[in-house]
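Novice: Generate a structure from the sequence data that follows.
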Amino acid sequence: MANELLTLTPAEEARPELKSYNVTIPMGSLAIGVDNIHHDVFLSPKFVQGAREYLFDVIRQFTSTTYLPGIELRTTRGPDSAAFRKLLSELLQSALTQAKYQKNIEIDLLFRLGLLKFLTFEIGNQFANLILEGKEWIRKRGEHFERSQQAHVIKARLSELQSARRGVIRRVGQQVAQIVSDVEDNVIAKARRALFGEDFTVYYELCKNRLIFLDGGKDDVFFLEHYILLGNYARDPDRFEAMDALFQEFLREAGVRLSHDPAHTEAIQSHTALLESVQTVRADIAALEEQRENTRKRLDRGDGFFTKFLNSGDPADLKASLNDLENRLKHQECRLEELGPQIDAARQKLDFFVKDHAGKLGEYLNEPENAKRLFDVSSASEAEAPTRARLLAQLLDRLEQYEILYHVLASYEIRPIASDYCPPVHLQQLRKALVSKEELKQIEQVIKHVPAKKLSLKTIEELSKKIRRYTREEMQALVLKFAGDFLRLRRDLSDAEHLTTCMERVNLVTTEKARELSRLNNRLYECVLPEEARPEQDNVISHVIIKSDVRGSTRMTQDLLARGLSPASHFSLNLHEPVKKLLDRYAAKKVFIEGDAIILAIFETESTVAYARPVAKACILSRQILAVCNSYNERASSSDLPALELGLGVAFQGSAPTYWTDGDSRIMISKALNLSDRLSGCAKLAKRMLAKQKTLFSVYQFLNTMEGASAEELDEFLVRYNHNGIELNDEGFQKLSEEISLESIETKLDMPWGRQSVTLYYGEVPLGESVELLVLRKAFARQLLPDGKIGGPTTHPYYEVCTSPALYDLVAALIRTQQAAVMASQRS
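Specialist: Numbering: from 1, shown residues only. Predicted coordinates:
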């Protein structure tokens with residue numbers, strides 16, 4: 001996005017700083033389709049079918065009462081907006097997760113373009129289907145019915161419906177655009193921030209452009225309601241092209257300067273030099289032609305007596321001179337011919353730079369905030385106010401000079417009455433009636449033909465008088481509003497044109513044959529729902545084990561038995577059953593559950609590799625298990641029941657587990673299973689050392705160092721502390737950093753050995769239509785000295801999934817601050 005600075009001439013004391021706007025969707029890394037022109041995109045068949053049915057139902061709902069009363073097309077039902085919204089959300093989430101798996105945001109943007117192309121085309125297509133089904137309904141009733149009066153009435157209404165196409169597509173398109181925008185803002189934007197960070201927001205804001213959902217990209221009613229209604233015809237002084245030229249000219253005359261590219265300057269100099277060369281050659285040719293003509297005359301007179309007597313020159317010398325002139329003339333003419341193509345090439349090159357220069361100036365007109373920076377006195381500093389007041393006055397004078405001012409004022413004044421008069425009056429005609437008496441007379445003739453609407457010219461005449469009674473201050477206020485509205489319209493039209501161009505580069509694959517051909521050539525981008533992508537043989541490629549170690553279960557069992565309570569039901573109701581209810585949400589499977597341990601697994605398969613995020617889900621699930629434990633402990637404290645103490649270990653393994661069978665039972669064999677057992681452990685020594693320490697963290701490691709020990713051997717010398725905490729293995733952290741976008745911060749916090757700097761990693765995990773904040777701590781095992789004291793840090797790292805609410809409040813506040821800063825920078 002361009003971000004150049006525009007200022008007024010140095011003569012001005014206060015220089016308005018203008019910002020440019022130019023956003024282009026990146027598509028450079030995407031594979032070209034089989035036609036070597038477009039990008040092949042295949043959208044989910046389930047979504048495509050559901051969207052078609054929904055759009056047809058919405059169009060029928062908008063039109064049935066007015067145009068199709070008494071006609072039942074297909075099965076009569078209302079549009080299911082909730083189902084469509086759910087399908088849309090699932091499709092966009094599938095696109096996003098696929099882009100994350102490929103580590104390329106352009107894939108998600110390509111799917112978004114394909115979706116927009118499908119929806120904008122399908123609205124018009126389903127409108128045509130509605131007209132067609134109306135005609136088919138008449139035909140199926142028989143030839144006798146087709147000739148009946150009722151059939152003629154229905155045909156007339158279908159014809160009226162066809163005439164109302166623009167309005168119907170506008171209503172349906174804006175409803176669909178709103179749904180797309182809502183899903184983006186409430187669901188997808190959060191998930192994308194979790195997976196990719198904040199870097200790509202501007203592209204998705206561009207994709208929310210609503211003009212692409214209009215019929216042909218333009219609609220006077222929509223422009224009147226949301227922007228400003230301009231003229232449409234070549235003779236209109238306020239048509240868009242004329243207004244655009246006026247604003248660009250105004251900026252230039254106001255002293256706005258853009259620095260020329262060195263190549264532009266070189267092109268100007270080259271073109272000027274070639275023109276000067278042409279002028280020089282043409283002057284030489286003219287002089288040579290004159291000399292040739294004089295020499296010929298002298299040669300013609302050379303044979304006379306008096307000429308010889310006057311000694312006008314030897315004929316042989318004159319012929320030699322004439323021949324020399326002819327040769328020089330031919331040389332100059334050849335040179336002139338050679339300069340022709342050079343002039344054309346130089347002119348084309350210069351035209352390119354001129355258009356590019358005009359385009360750069362236009363980029364400043366694509367930033368609506370520049371209207372305030374140029375003309376809004378109320379928001380100006382004391383130094384800027386005089387300059388803005390002068391520029392606003394000059395703009396008003398310019399609009400008056402070009403006879404545009406009253407057209408602009410009329411566009412704002414007709415907003416309250418447009419729905420009453422249009423139809424039968426054309427919207428442009430109504431606007432012009434406030435300015436032109438001839439147009440007012442034509443409207444008078446129009447409303448005479450619709451006496452039922454009881455329309456009067458009085459309201460229009462009063463508005464016409466009103467715009468001529470405006471004070472200069474009132475005019476300036478509306479001109480300021482007009483400048484902002486025009487710049488918004490210009491930006492959105494430019495964005496819509498760019499979006500349309502990008503959508504044209506997308507080829508929506510609709511047949512299985514074309515799909516297979518593109519897939520065979522590795523040219524196909526498929527965006528399907530998870531259930532559509534699952535193959536018959538779905539092999540596991542990696543897995544995560546969650547081990548929840550229940551401490552003191554033997555003591556708890558004895559305590560409960562002594563009170564006459566059932567240990568089995570106690571553990572089941574307060575731990576095992578609540579945990580089982582969590583499994584489906586996180587796609588977790590039970591491996592093993594008994595009194596003192598819960599072992600769960602989350603598998604990543606070939607079909608779910610793009611969106612499974614097993615480590616992220618395992619971390620959130622582990623937090624939920626601790627929440628179940630904490631909830632029980634709160635209740636237990638009030639009823640004098642023994643408290644639960646857990647330690648959780650989360651271990652990722654980048655391969656599938658193996659199994660052996662014992663009768664009907666399958667027994668899992670996995671390195672992650674063994675590792676999770678160690679990660680969840682808590683040594684009695686560490687527990688005694690940290691028993692009275694207050695800290696925000698629940699996982700620590702201490703190391704009895706031994707020289708020459710390998711990494712695996714060092715693990716045997718680790719003294720682990722895991723008291724109601726969650727430890728993640730190193731391979732799991734690396735996998736997590738691929739699954740979501742992780743940011744890091746350094747902050748000083750209290751530790752058992754004193755206050756020190758702590759590294760926290762945080763990110764958001766998409767789960768359905770919501771996101772969950774996840775905070776982790778990276779730390780290094782501390783040395784355990786012979787006297788039992790804690791020494792300095794070693795080089796052995798470990799990772800804790802944080803659970804302290806205070807840490808999450810700290811990180812959530814940091815995220816809000818960053819988001820506010822991003823929004824502020826975008827606004828500025």
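Novice: Find the nearest non-adjacent residue to V550, please.
Specialist: Leaving aside its sequence neighbours, V550 sits nearest to D596 (C-beta to C-beta, 6 or more residues apart in numbering; 4.6 Å). Every C-beta, even on glycine, is put in place using the N, C-alpha and C of the backbone.
Novice: That neighbour: what's it in contact with?
Specialist: Counting by C-beta atoms under 8 Å, 6 or more residues apart in numbering, D596 touches 549-551, 553-554.
Novice: try L246
Specialist: L246 neighbours (C-beta under 8 Å, 6+ apart): 398-399, 402, 404.
Novice: element containing T510?
Specialist: For T510, there is no host helix or strand (DSSP states H and E).
Novice: tell me the phi and psi of it?
Specialist: In terms of degrees, to the nearest 10, the main-chain angles of T510 are phi -120, psi -10.
Novice: The one 3 residues further on now?
Specialist: Recorded main-chain torsions at K513 are phi -60, psi -50, according to degrees, to the nearest 10.
Novice: can you check Y101 too?
Specialist: According to degrees, to the nearest 10, Y101 has phi -60, psi -40.
Novice: how near is it to L524?
Specialist: 16 Å (C-beta to C-beta, to the nearest Å).
Novice: Those two - which one has more neighbours?
Specialist: Taking neighbours as other C-beta atoms under 10 Å, Y101 and L524 compare with L524 leading, 20 against 17.
Novice: mind listing what that one touches?
Specialist: Counting by C-beta under 8 Å, 6+ apart, the residues that L524 touches are 33, 40-42, 509, 515, 518.
Novice: out of those residues, which are buried?
Specialist: Those of the contacts of L524 that meet the buried threshold are 33, 40-42, 509, 518, by 16 or more other C-beta atoms under 10 Å.
Novice: Take the residues you listed and keep only those in helices.
Specialist: Among those, the members found in helices (DSSP state H) are S518.
Novice: Pick the one among the buried ones among the contacts of L524 closest to L391.
Specialist: Nearest to L391 among those is V41, at 46.8 Å by C-beta to C-beta.
Novice: That closest one - nearest residue in space that isn't next to it in sequence?
Specialist: Leaving aside its chain neighbours, V41 sits nearest to G114 (3.8 Å; criterion: C-beta to C-beta, 6+ apart).
Novice: burial count for N522?
Specialist: A count of neighbours around N522, defined by other C-beta under 10 Å, yields 7.
Novice: In three-state terms, label it for me.
Specialist: When classified by DSSP: H, G, I helix; E, B strand; the rest coil, N522 comes out as coil.
Novice: now that we're looking at it, how far away is A31 from it?
Specialist: 7 Å.
Novice: And Q269, by the same measure?
Specialist: Q269 is 42 Å from A31, where distance means C-beta to C-beta.
Novice: Could you report the neighbour count for N327?
Specialist: 11.
Novice: can you tell me how far it sits from A320?
Specialist: 11 Å.
Novice: strands paired with the helix or strand where K778 lies, and their directions?
Specialist: Using DSSP H and E, K778 maps to strand 770-784. Using DSSP bridges, the strands paired with strand 770-784 are strand 699-703 (parallel), strand 754-767 (antiparallel), strand 790-801 (antiparallel).
Novice: quick one, which of these is nearest to K135?
Specialist: Evaluated with C-beta to C-beta, the strands paired with strand 770-784 place strand 754-767 nearest to K135, the distance being 46.4 Å.
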